[in-house]
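Student: Next one to model:
(one chain, ligands or ions: 1)
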Amino acid sequence: MRINFDDLINPELHPEYEPERIFSDDTSFIDVVSPEDSTNSSLSIDPTRQPVVVVDNLHVKYQVFSSGKAVGAAGARRLLQSNMRGVRTVHALKGISFVAYENESIGVIGSNGSGKSTLLKAITGLTPPASGSVYARSRPSLLGVGAALIPGLSGDKNITLGGLALGYNREQVEKMREDIIKFAELEEFIDLPMRTYSSGMSARLKFAIAASKQHDILIIDEALAVGDAKFKKRSEAKIREIQENAGTIFNVSHSMGSIKETCNRCIWIEKGVQKMDGDTDTVIKAYQAHLKKK
Ligand SMILES: Nc1ncnc2c1ncn2[C@@H]1O[C@H](COP(=O)(O)OP(=O)(O)OP(=O)(O)O)[C@@H](O)[C@H]1O
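Tutor: Now for the predicted structure:
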């Protein structure tokens with residue numbers, strides 16, 4: 001028997017399930033909802049597994065202002081006729097639906113501009129949907145403490161900053177400090193300012209700080225594309241460890257090797273449309289066949 005998604009989120013039927021509604025049709029964020037976007041949800045939940053993230057017929061649209069560049073008479077006429085006055089709508093995600101469960105590591109693949117980062121941003125609540133909903137058991141965290149770090153400070157001081165940004169107290173940061181330095185392989189450089197690090201070194205430090213936390217829902221956007229082969233192997237192992245401890249991971253990457261190493265499920269998006277969702281090898285094969293045809 002499969003549980004219907006609408007039943008699952010009904011507290012009378014399933015009081016044990018308390019998803020956090022990140023964004024939905026009825027938030028004040030939505031200003032563009034076209035009637036053709038709203039179709040009925042056909043999602044069903046596997047009752048034997050713990051759902052962690054539910055994405056239900058998600059549409060995301062961006063409003064883009066034209067650059068002011070001359071568009072030519074025909075282009076200008078089109079703009080006027082469409083009554084857009086230089087504002088263009090990019091329909092970045094067109095009806096994405098899936099249920100992510102505990103212990104899943106989901107790779108998101110697709111050509112450039114297909115909507116991968118937009119999907120991850122919608123799951124973290126950074127980008128509101130035009131229509132459709134995103135539910136999550138807890139607030140997803142984006143792997144990355146980059147914004148909290150200060151290049152002029154030493155690696156060591158940045159571990160404190162990053163740790164505090166992740167919500168640790170000072171005592172907890174001290175307990176983790178040595179492990180972070182070791183994981184990042186920065187023993188000899190940890191007292192030098194971060195701005196003197198190579199891009200690989202600072203990427204290793206950022207990854208080591210961020211991955212020191214056990215995340216319930218972890219979103220990784222191309223984080224594994226940096227670092228040398230040895231570091232890549234260790235960071236992939238770290239990701240598996242987070243996943244095994246009941247975490248759910250979303251990993252966007254153009255590296256099919258990295259997706260194969262870290263993901264047990266894969267979603268392929270092309271031009272905003274969900275092309276495939278399934279076992280990693282099968283989806284990657286189909287995607288690569290599509291690339292060859294192009
Ligand atoms: N902030 C934004 N404002 C306007 N348009 C955007 C914005 N972010 C993304 N887009 C557009 O939305 C579409 C999807 O972009 P997105 O970055 O999600 O794709 P992607 O699959 O992650 O691409 P890539 O593989 O190149 O990183 C593209 O057409 C892009 O131009």
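Student: Now do the phi/psi pair for residue 202.
Tutor: Residue 202 has phi and psi values of phi -70, psi -30 when expressed as degrees, to the nearest 10.
Student: One more: residue 139?
Tutor: phi -70, psi 120.
Student: Test my guess that it contacts residue 123.
Tutor: No - Residue 139 is beyond contact range of residue 123, at 10.2 Å (criterion: CB atoms under 8 Å). In short, each C-beta sits where N, CA and C put it, glycine included.
Student: Between those two, which has more neighbouring residues?
Tutor: When residue 139 and residue 123 are compared for neighbours, residue 123 comes out ahead with 24 against 11, by other CB atoms under 10 Å.
Student: Validate this expectation: that one resides in a helix.
Tutor: Yes - assignment of residue 123 by DSSP: H, G, I helix; E, B strand; the rest coil places it within a helix.
Student: For it, give its distance to residue 281.
Tutor: Using CB to CB, to the nearest Å, we find residue 123 at a distance of 24 Å from residue 281.
Student: try residue 58
Tutor: 26 Å.
Student: Neighbour count: these two, which is higher?
Tutor: residue 58 (25 against 10).
Student: my read: the more buried one touches residue 93, true?
Tutor: Yes - assessed by CB under 8 Å, residue 58 is found in contact with residue 93 at 5.6 Å.
Student: Spell out which residues are contacts of both of these two.
Tutor: 119, 122, 129 (CB atoms under 8 Å, 6 or more residues apart in numbering).
Student: Nearest to the ligand among those?
Tutor: Using CB to the nearest ligand atom, residue 119 comes nearest to the ligand of the shared contacts of residue 58 and residue 93, at 6.9 Å.
Student: by contact count, what packs against the host helix or strand of the closest one?
Tutor: If you go by DSSP states H and E, residue 119 is part of helix 116-124. Under the contact definition 3 or more CB pairs under 8 Å, 6 or more residues apart in numbering; DSSP states H and E, helix 116-124 sits against strand 51-65, strand 87-101, strand 105-109, strand 131-136, strand 141-142, strand 217-221, strand 248-252.
Student: tell me the pLDDT at the nearest residue to residue 152 once chain neighbours are set aside?
Tutor: Excluding the flanking residues, the one nearest residue 152 by CB to CB, 6 or more residues apart in numbering is residue 193, at 5.7 Å. Looking at residue 193, its pLDDT reads 94.
Student: so how many other residues sit close to residue 193?
Tutor: Count around residue 193 with other CB under 10 Å applied: 15.
Student: got it, and residue 10?
Tutor: Neighbours of residue 10 using other CB under 10 Å come to 12.
Student: quick one: it is in a strand?
Tutor: No - checked against three-state DSSP, residue 10 lies outside a strand; its state is coil.
Student: what bits of the stretch 1-150 of the chain have low per-residue confidence?
Tutor: Along the stretch 1-150 of the chain, the parts satisfying pLDDT under 70 run over 1-6, 8-9, 18-42, 66-85, 143-148.
Student: Residue numbers of it in contact with the ligand?
Tutor: 62, 64, 90, 92, 110, 112, 113, 114, 115, 116, 117, 118 (CB under 6 Å from any ligand atom).
Student: Which of those are buried? Put it as a ChimeraX command.
Tutor: Buried subset of those, written as a ChimeraX selection, criterion 16 or more other CB atoms under 10 Å:
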select :92,110,114,115,116,117,118
